[in-house]
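Student: Show me the folded form of this:
(one chain, ligands or ions: 1)
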Amino acid sequence: MEIDPVSLTLKEMLRMDSLALHNLAKKTAGSLTRYRALCGRLLLAIQRTGAYLEHGCSGAVHYAILQLGMPVREARQLKRVARELEALPFLRLRANLGEIDWSKLREVVRVATVDTEQRWAELCKTCTYAEIEALVACCRPGELPSEELLRRPPRTELRCSFDPEQMAVIERGLQILCQREGRVLSIGQAIELLFAQVIADGGVDEKRLRKLRLEALKDLRWTDVINAETETLPDTKIEIVNPKSRFPTPAQRRQVLRRDGYCCAVPGCPNTIWLDVHHIVYFASGGLTKSDNLLTLCTKCHRNVHENELKISGDAPDALVFRNRFGKDLRYQRTLDVAFWLDIWCGWRGERRYQRAHERAPERLAA
Ligand SMILES: [Zn+2]
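Tutor: Residues are numbered from 1 along each chain as shown. Have a look, this model is predicted:
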């Protein structure tokens, strides 16, 4: 007997093997994109045919809010993406095949054109959502991200929400900070100054703040910007060597963390706190304590390596291979799929079940 995956409970899923769970997850993710694209196209059709009028609505978005119970943001987004996909045959096909994640798709359609859509589709396979979002923010329609852009993140907008009493603390603190500095500080300047004081472990004046920003440029490895500055920043280049020591020195550890962007180096792992410096070839197996054999890992990935769930080989940072326990390369996202069982279990058999608006009985419309 055929099982309806939609009806599977968490309890039943916990009894499934990992391959079955993985295949279901891929199909479901692919289907989400496919059905969102379909929903967007339907809204577009409802807009263009004026079908929303029969529901007393002002447009397809109003119809989606009222009749489909959608939040306004989602309705607008579905319609926008569908409209943009109409001019992008390659991305439209990828979306219909469920081969591209919706969150990435909704970003790239803002800037992709017929000439660039294939490149954007490739970038979707190799970049994370956050990277795609950042690249799209820097490109105009028709543009592709330059090599420089692929490396350099854009300006960041920080949004926080606070309770009234938390905000009162912040406002009072900002007042005091402005008085202490003898100038008016924006909340952004105040945040930078306060964190700079944390990094410097003490007071920070203009000169010290400039130095900290240069250090930050080193963290970002923007060598072109650093070279344009007059100051010399020696320790970005010089390799600190103590190959026979069991543990890296604090300076060497800092250097490795900086090189790896203060983030776990495993592709896609977002962890930035609780980081270890790991020997790629184990020290016990003759691996040396030098930068091409050292790698930043979060404690969870570090444990995965030592429990053989994750295998890392090659030289850090540019010639590394990450494989799972079956030897599959982690850097490539698995191809998403669509679940045809959704069609079946939604009751759709492919037959012509719709009627034109004027053929429908009025009482059905009222329902
Ligand atoms: Zn990790």
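Student: what's the residue of the stretch 101-250 of the chain found nearest the ion in contact with, if anything?
Tutor: Nearest residue of the stretch 101-250 of the chain to the ion, counting by C-beta to the ion: residue 128, 13.5 Å away. All C-beta atoms are positioned from the backbone trio N, CA, C, and that covers glycine. Contacts for residue 128 (C-beta atoms under 8 Å, 6 or more residues apart in numbering) come out as residue 268.
Student: Now do it, the pLDDT please.
Tutor: On the pLDDT scale, residue 128 is placed at 84.
Student: Could you do residue 145 as well?
Tutor: 86.
Student: now swap in residue 57 and tell me
Tutor: Reported pLDDT for residue 57: 85.
Student: Next, it: secondary structure please.
Tutor: coil (DSSP: H, G, I helix; E, B strand; the rest coil).
Student: ok, it touching residue 63?
Tutor: Yes. Between residue 57 and residue 63 there is a contact under C-beta atoms under 8 Å: 4.3 Å.
Student: Compare those two (neighbour count), which wins?
Tutor: residue 63 (22 against 17; other C-beta atoms under 10 Å).
Student: any idea which element that one lies in?
Tutor: helix 60-67 (DSSP states H and E).
Student: Show me what that helix is in contact with.
Tutor: Contacts for helix 60-67 (C-beta under 8 Å, 6+ apart): 43-44, 46-47, 51-52, 55, 57, 70-72, 74-76, 78-79.
Student: In ChimeraX, select just the buried ones from these.
Tutor: Only the buried entries of the contacts of helix 60-67 go into this ChimeraX selection, using 16 or more other C-beta atoms under 10 Å:
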select :43,44,46,47,51,52,57,70,74,75,76,78,79
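Student: Of all pairs in the contacts of helix 60-67, which one is the farthest apart?
Tutor: 51 and 71 (20.9 Å; C-beta to C-beta).
Student: Would you mark the buried spots in the helix holding residue 63?
Tutor: Those would be 60-61, 63-65, for helix 60-67 by 16+ other C-beta under 10 Å.
Student: just checking, what packs against the helix or strand following that helix?
Tutor: Following helix 60-67 in sequence order, the next helix or strand is helix 72-85 (DSSP H and E). Here helix 72-85 touches helix 18-49, helix 60-67, helix 89-96, helix 102-108, going by 3 or more C-beta pairs under 8 Å, 6 or more residues apart in numbering; DSSP states H and E.
Student: Helix 72-85 vs helix 60-67, what angle?
Tutor: 140 degrees (axes from the mean of the first three to the mean of the last three C-alpha atoms, to 10 degrees).
Student: C-alpha coordinates for helix 72-85, CSV please?
Tutor: What follows is helix 72-85, C-alpha atoms only, in CSV (Å, rounded to 0.1, in the frame of the first residue of the first chain):
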residue,chain,number,x,y,z
VAL,A,72,0.5,40.7,2.7
ARG,A,73,4.3,40.3,2.4
GLU,A,74,4.1,36.7,1.2
ALA,A,75,1.4,37.5,-1.4
ARG,A,76,3.4,40.4,-2.8
GLN,A,77,6.5,38.3,-2.9
LEU,A,78,4.9,35.4,-4.7
LYS,A,79,3.4,37.7,-7.3
ARG,A,80,6.6,39.6,-7.8
VAL,A,81,8.7,36.5,-8.2
ALA,A,82,6.2,35.0,-10.7
ARG,A,83,6.2,38.2,-12.7
GLU,A,84,10.0,38.3,-12.8
LEU,A,85,10.2,34.6,-13.7
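Student: What mean pLDDT does it get?
Tutor: The pLDDT scores in helix 72-85 average 95.
Student: Then stretch 332-346?
Tutor: Mean predicted lDDT for stretch 332-346 stands at 66.
Student: residues in the stretch 201-350 of the chain within reach of the ion, list them.
Tutor: 264, 266, 269, 271, 298, 301 (C-beta under 5 Å from the ion).
Student: List the contacts of the fifth one.
Tutor: Read it as residue 298. By C-beta under 8 Å, 6+ apart, the neighbours of residue 298 are 264, 266, 269, 271-276.
Student: which of those residues tops the neighbour count?
Tutor: residue 264 (25 neighbours).
Student: Distance-wise, check it relative to residue 195.
Tutor: Distance of residue 264 to residue 195, computed by C-beta to C-beta, to the nearest Å: 22 Å.
Student: Can you name every helix or strand that the helix or strand hosting residue 254 contacts?
Tutor: Using DSSP H and E, residue 254 sits in helix 250-259. Counting contacts by 3+ C-beta pairs under 8 Å, 6+ apart, helix 250-259 packs against strand 275-279, strand 294-298.
Student: just those strands: most buried one?
Tutor: Compared across those, strand 294-298 shows the largest average neighbour count, a mean of 24 (mean count of other C-beta atoms under 10 Å).
Student: And the buried residues of helix 60-67, which is closest to the ion?
Tutor: Closest to the ion, out of all of the buried residues of helix 60-67 and judged by C-beta to the ion, is residue 64, at 39.3 Å.
Student: you'd agree residue 24 is up against residue 12?
Tutor: No. Residue 24 lies out of contact with residue 12 (C-beta under 8 Å); the separation is 11.2 Å.
Student: which of these two has more neighbours?
Tutor: residue 24 (17 against 11).
Student: tell me the pLDDT at the residue lying closest to the more buried one once chain neighbours are set aside?
Tutor: Among residues not flanking residue 24 along the chain, residue 5 sits closest, at 5.9 Å (C-beta to C-beta, 6 or more residues apart in numbering). Looking at residue 5, its pLDDT stands at 75.
Student: Could you tell me how many residues sit around residue 5?
Tutor: 17.
Student: Looks to me like residue 311 is in a helix.
Tutor: No. With three-state DSSP as the criterion, residue 311 is assigned strand and is not in a helix.
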